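Enquirer: quick one: sequence and predicted model below, then my questions.
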Amino acid sequence: MIFFPLTILAYFLFPKRIKNYWLLAASYIFYMGWNPKYALLLFFSTVVTFFASLLLEKYRRKDKLIMIFALCLIFLLLFYYKYLNFALSLTEKLFTLLNIKLSIPKFDIILPVGISFFTFQAAGYLIDVYRGEISAEKNFFKYALFVSFFPQLVAGPIERSKNLLNQLNKTYSFDFARVKNGLFTMLYGYILKMIIADRASILVDFVYTNDMATGIQIAFATFIFAFQIYCDFYGYSKIAIGASRILGIELMQNFNAPYFSVSFKDFWRRWHISLSTWFRDYLYIPLGGSRCGRLRKNLNIIVVMLVSGIWHGAGLHFVAWGFLNGLFQVFDDLTAKLKTNIPKIIQICATFFCICFCWLFFRANSLTTAFRFIKMIIFNLEPKTLTGDLLLKYGLNKSEVCLLLLSIFVLMICDYLKWRDISLKRNIFSRKWYIQSVVFIAGLLTVAVFGVWGSEYNPAAFIYFQF
């Protein structure tokens with residue numbers, strides 16, 4: 001709790017020439033708070049991509065080999081820590097199908113927090129240098145800060161060098177309006193996390209681990225999970241954006257009312273925007289994008305979404321989640337002309353229903369569990385159990401369930417206004433200072449009172465920390 005205020009205070013008190021050095025040191029201290037030795041992995045990815053980018057500019061005739069070698073180094077590191085045991089498990093299952101008994105040992109590997117995020121950020125920078133879109137950064141400390149910038153280090157947004165690295169070329173002095181704006185943004189992120197996401201996690205975890213849950217209860221918990229993961233990740237993104245704004249740095253927006261999407265293609269333009277645009281620019285377009293015929297285009301979409309699923313986690317249920325997202329996008333493309341006369345509200349509801357179906361695979365602990373849940377929803381629906389004893393013992397009492405549903409309703413109103421391009425923030429900041437103060441204090445009280453209301457409330461780690 002004291003890390004961020006001290007970091008900000010020191011940043012504004014230090015002379016300009018050492019501000020970025022202080023942010024670099026603070027970023028590594030922040031990361032080492034999880035596991036000090038894993039800071040070496042962050043440093044390794046930084047060193048490899050920094051010197052590879054310099055070599056790319058010096059030896060243009062061998063630039064492709066240099067880029068491939070450097071990318072292999074950092075992605076092999078990601079593979080070892082995130083996917084090695086998964087790959088070994090799949091290999092063992094494959095040999096079992098071939099009637100070959102093979103016992104492959106599993107390694108006790110702890111996943112470094114945020115490794116997928118900083119690996120993709122460093123890889124994107126290197127590819128940009130290779131393409132000649134940016135010049136290689138000559139200042140190692142500035143580049144190291146770009147890779148490790150603490151507000152977005154462990155859960156994004158995955159920043160681009162053309163945005164974040166350029167902003168590190170200058171330092172910023174204290175600006176009251178900017179700090180106020182950043183604090184409001186952070187507060188909104190904490191409201192999303194503490195009031196909706198953390199309370200939703202109690203309900204979702206209870207149902208998904210309860211063998212007595214019925215199909216309707218699983219369906220209801222999956223609906224709630226859609227908002228849990230949204231508010232959890234959107235909340236972190238807002239906190240990161242607000243914290244960076246206080247420092248004078250603008251991060252890219254990561255969400256844009258995703259549950260008002262009219263199609264899956266539209267959804268991925270609005271959900272985890274930093275990742276979806278990363279895959280678009282560095283995988284989908286190099287594969288040929290939409291320039292090589294409908295069949296190849298649809299295949300490219302499925303390949304990209306499969307990779308996206310694997311990026312999210314080492315498990316067949318994540319692979320299935322990615323494949324389903326790709327399949328729904330292909331279906332959207334094939335039926336685009338048929339949907340022109342369908343009202344938007346129906347398209348939004350249908351898309352949201354399919355998104356929730358995909359989230360079931362994402363949340364389930366395994367592919368087998370996901371299929372079992374689907375079977376329960378189809379054959380053991382029992383609507384009367386939705387408001388039965390199990391629902392009221394979700395780890396939440398009746399008033400907490402009502403608060404959760406009310407909070408989701410308010411969130412959707414805010415997202416609807418955003419979808420319609422009606423800015424609440426502009427309306428708030430156009431008011432007198434005392435009205436803004438009342439709004440801010442009311443937000444703090446909301447977090448303090450309702451965010452921790454309930455004897456079963458426990459702050460949960462951000463979901464995307466594990467990716």
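Expert: The structure has been received and is ready for your questions.
Enquirer: can you report how many residues neighbour residue 46?
Expert: Residue 46: 20 surrounding residues under other CB atoms under 10 Å. Heads up, the C-betas are built off the backbone N, CA and C, glycines and all.
Enquirer: so after the one helix or strand it maps to, what's the next helix or strand?
Expert: For residue 46, the host element (DSSP states H and E) is helix 39-58. The element immediately downstream of helix 39-58 (helix or strand, assigned by DSSP H and E) is helix 63-97.
Enquirer: give the buried residues for the helix or strand following that next one.
Expert: Moving toward the C-terminus from helix 63-97, the next helix or strand (DSSP H and E) is helix 115-131. Judged by neighbour count (16 or more other CB atoms under 10 Å), helix 115-131 contains these buried residues: 115-130.
Enquirer: that older thread, which elements pack onto the helix holding residue 46?
Expert: helix 16-32, helix 63-97, helix 115-131, helix 140-148 (3 or more CB pairs under 8 Å, 6 or more residues apart in numbering; DSSP states H and E).
Enquirer: give me the buried positions along it.
Expert: Buried, per 16+ other CB under 10 Å, within helix 39-58: 39, 41, 42, 45, 46, 48, 49, 50, 52, 53, 55, 56.
Enquirer: which residues touch residue 412?
Expert: For residue 412, the contact set (CB atoms under 8 Å, 6 or more residues apart in numbering) comprises residue 259.
Enquirer: any idea how far it lies from residue 258?
Expert: For residue 412, the distance to residue 258 equals 11 Å [CB to CB, to the nearest Å].
Enquirer: next one: residue 369
Expert: The separation that residue 369 has from residue 258, given CB to CB, amounts to 25 Å.
Enquirer: and these two? which has more neighbours close in?
Expert: residue 258 (22 against 15).
Enquirer: tell me the pLDDT of that one.
Expert: At residue 258, the model reports a pLDDT of 95.
Enquirer: list the contacts for it?
Expert: 230, 267, 270, 271.
Enquirer: equivalent analysis for residue 129, please.
Expert: Counted by CB under 8 Å, 6+ apart, residue 129 has contacts 53, 56, 57, 135, 136.
Enquirer: again, only this time at 10 Å
Expert: 49, 52-57, 63, 66-67, 135-137, 161 (CB atoms under 10 Å, 6 or more residues apart in numbering).
Enquirer: and it, what's its pLDDT?
Expert: 93.
Enquirer: could you do the one 4 residues further on as well?
Expert: For residue 133, the model assigns a pLDDT of 90.
Enquirer: and for it, the neighbour number?
Expert: Applying other CB under 10 Å, I find that residue 133 has 12 neighbouring residues.
Enquirer: can you count the residues close to the residue nearest to it when sequence neighbours are not counted?
Expert: For residue 133, ignoring the flanking residues on the chain, the nearest one in space by CB to CB, 6 or more residues apart in numbering is residue 162 at 7.0 Å. Counted with other CB under 10 Å, the neighbours of residue 162 add up to 12.
Enquirer: correct me if wrong: residue 162 contacts residue 127.
Expert: No. Applying CB atoms under 10 Å as the test, residue 162 and residue 127 come out as separate, 11.9 Å apart.
Enquirer: what residues are shared contacts of the two?
Expert: With CB under 10 Å, 6+ apart as the test, residue 162 and residue 127 both reach residue 133.
Enquirer: now the end-to-end length of stretch 9-21.
Expert: 14 Å (CA to CA, to the nearest Å).
Enquirer: what about that stretch, distance to the chain center?
Expert: Stretch 9-21 sits 30 Å away from the centroid of its parent chain (CA atoms, centre = their mean, to the nearest Å).
Enquirer: next, the angle helix 63-97 makes with the helix holding residue 46.
Expert: 130 degrees (axes from the mean of the first three to the mean of the last three CA atoms, to 10 degrees).
Enquirer: quick one: residue 352 from residue 218, how far?
Expert: Counting by CB to CB - residue 352 and residue 218 are separated by 17 Å.
Enquirer: with neighbour numbers in mind, choose between those two.
Expert: residue 218 (22 against 17).
Enquirer: tell me which helix or strand that one sits in.
Expert: With DSSP H and E as the criterion, residue 218 is inside helix 215-246.
Enquirer: could you look up the next helix or strand downstream of that helix?
Expert: Helix 215-246 is succeeded, C-terminally, by helix 264-270 (DSSP H and E).
Enquirer: residues contacting whichever helix or strand comes after that next one, please?
Expert: As assigned by DSSP H and E, the chain's next helix or strand after helix 264-270 is helix 273-279. Defining contact as CB under 10 Å, 6+ apart, one finds that helix 273-279 is touched by 116-117, 120-121, 123-124, 127, 152, 156-160, 163, 237, 251-256, 258, 267-270, 272, 284-285, 303-305, 307-308, 311-312, 464, 467.
Enquirer: so where is this structure shaky, pLDDT-wise?
Expert: 1, 61, 381-395, 423-460, 464-467 (pLDDT under 70).
Enquirer: how about the nearest residue to residue 322, chain neighbours excluded?
Expert: Nearest one to residue 322, counting by CB to CB, 6+ apart, is residue 309 at 2.0 Å.
Enquirer: need the contact list for the one you found.
Expert: 315-326, 358, 361-362.
Enquirer: just flag the most distant two among those.
Expert: Based on CB to CB, the longest span within the contacts of residue 309 runs between 315 and 326 and measures 17.0 Å.
Enquirer: between the two, who's got more neighbours?
Expert: More crowded of residue 315 and residue 326, by other CB under 10 Å: residue 326, with 24 against 19.
Enquirer: list the buried residues in the strand or helix carrying that one.
Expert: In the assignment (DSSP H and E), residue 326 maps to helix 316-334. Buried residues in helix 316-334, counting neighbours by 16+ other CB under 10 Å, are found at 316-330, 332-333.
Enquirer: before we move on, back to that, got a markdown table for the contacts of residue 258, with distance to residue 346 and neighbour count too?
Expert: Below are the contacts of residue 258 laid out as a markdown table (distance: CB to CB, whole Å; neighbours: other CB atoms under 10 Å):
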| residue | distance to residue 346 | neighbour count |
| --- | --- | --- |
| 230 | 21 | 23 |
| 267 | 16 | 24 |
| 270 | 18 | 20 |
| 271 | 20 | 23 |
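Enquirer: closest to residue 294 among those residues?
Expert: residue 267 (20.6 Å).
Enquirer: setting aside sequence neighbours, what's the nearest residue to that closest one?
Expert: That would be residue 261: by CB to CB, 6+ apart, it lies 3.9 Å from residue 267.
Enquirer: what residues are up against the one you found?
Expert: By CB under 10 Å, 6+ apart, the neighbours of residue 261 are 267, 268, 269, 270, 271, 347, 348, 351, 352, 355, 419.
Enquirer: if we use 8 Å, what do you get?
Expert: 267, 269, 270, 271, 348, 351, 352, 355.
Enquirer: show me which pair in those residues is furthest apart.
Expert: 269 and 352 (15.2 Å).
Enquirer: neighbours of residue 175, just the number please.
Expert: 14.
Enquirer: does it touch residue 248 like I think?
Expert: Yes. Using CB atoms under 8 Å, residue 175 is in contact with residue 248, at 7.2 Å.
Enquirer: was I right about residue 112 contacting residue 81?
Expert: Yes. Under the criterion of CB under 8 Å, residue 112 makes contact with residue 81 at 5.8 Å.
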